[in-house]
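**Q** mind looking at a prediction? Sequence and model below.
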Amino acid sequence: MNRLLYVLLISVLTIIGFNMYQLNDIGSISFSFAGVAITTNLVVLIAASLCALFVLSIAAKIFRGIRSIFIYFGSQRQKRLREKARLSISQGLIEYAEGRFEQSEKVLLQHVKHSDNRLLVYLTAARAAQQLGAHERRDEYLRLAHTETPNADLAISLTKAELQLAHNQNEQALATLSQLNLVSENHSYVLTLLANTYRHLQDWDNLKAILPQFKKHCNLSAESFLSFEISVCNGQLTNLAKRINLSASSSQDLIKYWKDCAHHLKALPDVVEHYARQLIAIDAAGEAENVLRLYLNKNWQESTIVLYSELDVLIENKQLEMVESWLKDHQHNAYLLLALGKICISSSLWGKARSYLEASIAINPMPENYLKLARLLEEHMADQDAAQEYYRQGLHLLAGDYGDDVLDNKTDSVTQEEAPQLKIVRI
């Protein structure tokens, strides 16, 4: 474009000059400025103008050259600063990974103004400050991260929630996650953190409310999701039992809740046993016995029979026959024998109770079966000497001071083949 203008200008001047030469008239031009008058002809003016244009062109080239030099050195400086910032991030991440959090925070922020990834710098610095217990600095770094990268609000808020949870700021984390769940509905990681926060806060009602959403949008294994269901069920059972105790109301609300529970939960020993414990806590041991007995009749679990053996309730002969039928497959189970001994005591079947308790002691001496047998002999069978001996052995066992007779009992019961064979006596 410049060349075209020059060609046009030269062409015009050539034509004008040729015409003036033909007319033998080079013209006269005069002008004044600030009291100074200048008179010249057109040829001189044109020559002066061309010289001025040439000088200005040279000056422009010199200016551009100097400017490019400054730009070059400036870009080189910026390049060095960005490289330092990149190395600062790398070193800061290494320091953080190696547990030197104070040094990590310092190195990360050293060249943050020249970093191309300030979001990463501020988020990592916030994590380092969290590890140092500097929660005000942590929150400031998160604010700066949001200022630098407003469109990364989800990542920043998730980091904030994670750090709040790590510091046991559960209520603050819940507020952060609840807001995130509103603006990022069905986000799997938000739902995971929210569910874990509800579980930590034992907010079972809200946790139950998000379980369908949690199951649908989070890639959970069946076992992991089941653990949340168990937590909700057991937590709500506990809360119901507490309310019943405080209000001195009946156990019907707890029983109704259990009836409405999912069948797959009612088949789990952890849930069944927890329900039984809540029934015991509200003085509904009879209902607890019924629940445990029916469960054990179909699903034998050692932990469940241990809990069943802790009950002291009166049951009818038909139910006693059901419990005694378990001896066919579990006659060497000390807890089953202890439970039968206690049931027989409640039913005033002194002889059978003694037989079961002695068999339980022979298999696994425990303070409780010693105590039950001693009381039975003392209060109902008038065998004071034997009662005192069982009291003595039970106390030794409770204190961890095993006498020879207790050791003999334990040694004799090492193998199941040496346990006494029981015969079920019908009444």
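**A** Yep, it's here. Please read these numbers as outputs of a predicted model, since none were measured by experiment. Numbers count the residues shown, from 1 in each chain.
**Q** how is the protein divided into domains?
**A** 66-148, 236-313, 320-427 (automatic domain parsing).
**Q** export those domains to CSV and tack on distance to residue 223 and mean neighbour count?
**A** Yep, even glycine has a C-beta here, placed from its N, CA and C like the rest. Output for the domains of the chain, formatted as CSV (distance: least, CB to CB, whole Å; neighbours: other CB atoms under 10 Å):
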stretch, distance to residue 223, mean neighbour count
domain 66-148, 30, 17
domain 236-313, 12, 17
domain 320-427, 28, 17
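**Q** need the ones you listed in TSV with distance to residue 165 and mean pLDDT, can you?
**A** Converted to TSV, the domains of the chain look like this (distance: least, CB to CB, whole Å; pLDDT from 0 to 100):
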stretch	distance to residue 165	mean pLDDT
domain 66-148	11	84
domain 236-313	23	93
domain 320-427	41	81
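**Q** could those be laid out in JSON lines, adding distance to residue 170?
**A** Output for the domains of the chain, formatted as JSON lines (distance: least, CB to CB, whole Å):
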{"stretch": "domain 66-148", "distance to residue 170": "14"}
{"stretch": "domain 236-313", "distance to residue 170": "18"}
{"stretch": "domain 320-427", "distance to residue 170": "39"}
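**Q** identify whichever of the ones you listed lies nearest to residue 52.
**A** Of all these, domain 66-148 sits nearest to residue 52, with 20.9 Å by CB to CB.
**Q** do me a favour and get the end-to-end distance for the closest one?
**A** Chord length of domain 66-148, first to last residue, is 34 Å (CA to CA, to the nearest Å).
**Q** report the distance from it to the chain centre.
**A** Distance of domain 66-148 from its chain centroid, counting by CA atoms, centre = their mean, to the nearest Å, is 28 Å.
**Q** what's the longest helix in the protein?
**A** Secondary structure of the chain per DSSP state H: the longest helix is helix 42-97.
**Q** need the next SSE after that helix, C-terminal direction.
**A** helix 101-110 (DSSP states H and E).
**Q** okay, the angle between that next one and helix 42-97?
**A** 170 degrees (axes from the mean of the first three to the mean of the last three CA atoms, to 10 degrees).
**Q** I'd like to know which elements the helix or strand following helix 101-110 is packed against.
**A** Per DSSP H and E, helix 101-110 leads on to helix 118-131 as the next helix or strand towards the C-terminus. Where contact means 3 or more CB pairs under 8 Å, 6 or more residues apart in numbering; DSSP states H and E, helix 118-131 is packed against helix 42-97, helix 101-110, helix 135-148, helix 153-166.
**Q** if I read this right, residue 244 contacts residue 251, doesn't it?
**A** Yes - Residue 244 lies in contact with residue 251 (CB atoms under 8 Å); the separation is 6.4 Å.
**Q** joint contacts of those two?
**A** Common neighbours of residue 244 and residue 251, counting by CB atoms under 8 Å, 6 or more residues apart in numbering, are residue 282.
**Q** against residue 111, how distant is residue 83?
**A** Noted for residue 83: a distance of 9 Å to residue 111, by CB to CB, to the nearest Å.
**Q** how many neighbours does residue 169 have?
**A** Neighbourhood size, residue 169 [other CB atoms under 10 Å]: 16.
**Q** what residues are up against it?
**A** Applying CB under 8 Å, 6+ apart to residue 169 gives no contacts.
**Q** could I get the pLDDT score of it?
**A** For residue 169, the model assigns a pLDDT of 87.
**Q** now it: phi and psi?
**A** Dihedral pair for residue 169: phi -90, psi 70, per degrees, to the nearest 10.
**Q** name the helices or strands packed onto the longest helix of the chain?
**A** Helix 42-97 packs on helix 2-23, helix 101-110, helix 118-131, going by 3+ CB pairs under 8 Å, 6+ apart.
**Q** so how far is the strand or helix carrying residue 178 from its chain's centroid?
**A** Assigned by DSSP H and E, residue 178 belongs to helix 170-183. For helix 170-183, the separation from the chain centroid amounts to 13 Å (computed by CA atoms, centre = their mean).
**Q** with only the CA atoms kept, save stretch 103-123 in PDB.
**A** Provided in PDB are the C-alpha atoms of stretch 103-123 (Å, rounded to 0.1, in the frame of the first residue of the first chain):
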ATOM      1  CA  GLN A 103       7.600 -24.300  53.100                       C
ATOM      2  CA  SER A 104       5.000 -25.400  50.500                       C
ATOM      3  CA  GLU A 105       2.800 -22.400  51.200                       C
ATOM      4  CA  LYS A 106       5.700 -20.000  51.000                       C
ATOM      5  CA  VAL A 107       7.100 -21.400  47.700                       C
ATOM      6  CA  LEU A 108       3.800 -21.600  46.000                       C
ATOM      7  CA  LEU A 109       3.000 -17.900  46.700                       C
ATOM      8  CA  GLN A 110       6.500 -16.600  45.800                       C
ATOM      9  CA  HIS A 111       5.800 -16.000  42.100                       C
ATOM     10  CA  VAL A 112       2.000 -16.300  42.000                       C
ATOM     11  CA  LYS A 113       1.600 -13.000  40.200                       C
ATOM     12  CA  HIS A 114       3.400 -14.400  37.200                       C
ATOM     13  CA  SER A 115       1.800 -17.800  37.300                       C
ATOM     14  CA  ASP A 116      -0.400 -19.100  34.400                       C
ATOM     15  CA  ASN A 117      -2.300 -21.300  36.900                       C
ATOM     16  CA  ARG A 118      -3.100 -19.200  39.900                       C
ATOM     17  CA  LEU A 119      -6.200 -21.400  40.600                       C
ATOM     18  CA  LEU A 120      -3.900 -24.400  41.300                       C
ATOM     19  CA  VAL A 121      -1.600 -22.200  43.400                       C
ATOM     20  CA  TYR A 122      -4.300 -20.800  45.600                       C
ATOM     21  CA  LEU A 123      -6.100 -24.200  46.100                       C
END
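**Q** contacts for that stretch, please.
**A** 78, 81-82, 84-86, 88-89, 91-93, 95-96, 124-125, 128-129, 132, 137, 141-142, 144-145, 148-149, 152, 155-156, 159.
**Q** check stretch 152-168 too.
**A** Outside stretch 152-168, the residues that reach it (CB under 8 Å, 6+ apart) are 119, 123, 126-127, 130, 135, 138-139, 142, 145-146, 149, 170, 172-173, 176-177, 179-180, 183-184, 187, 189-190, 193, 196-197, 200.
**Q** please redo it, this time with the cut-off set to 7 Å
**A** When contacts are defined by CB atoms under 7 Å, 6 or more residues apart in numbering, stretch 152-168 is touched by residues 119, 123, 126-127, 130, 135, 138, 142, 145-146, 172-173, 176-177, 180, 184, 189, 193, 197.
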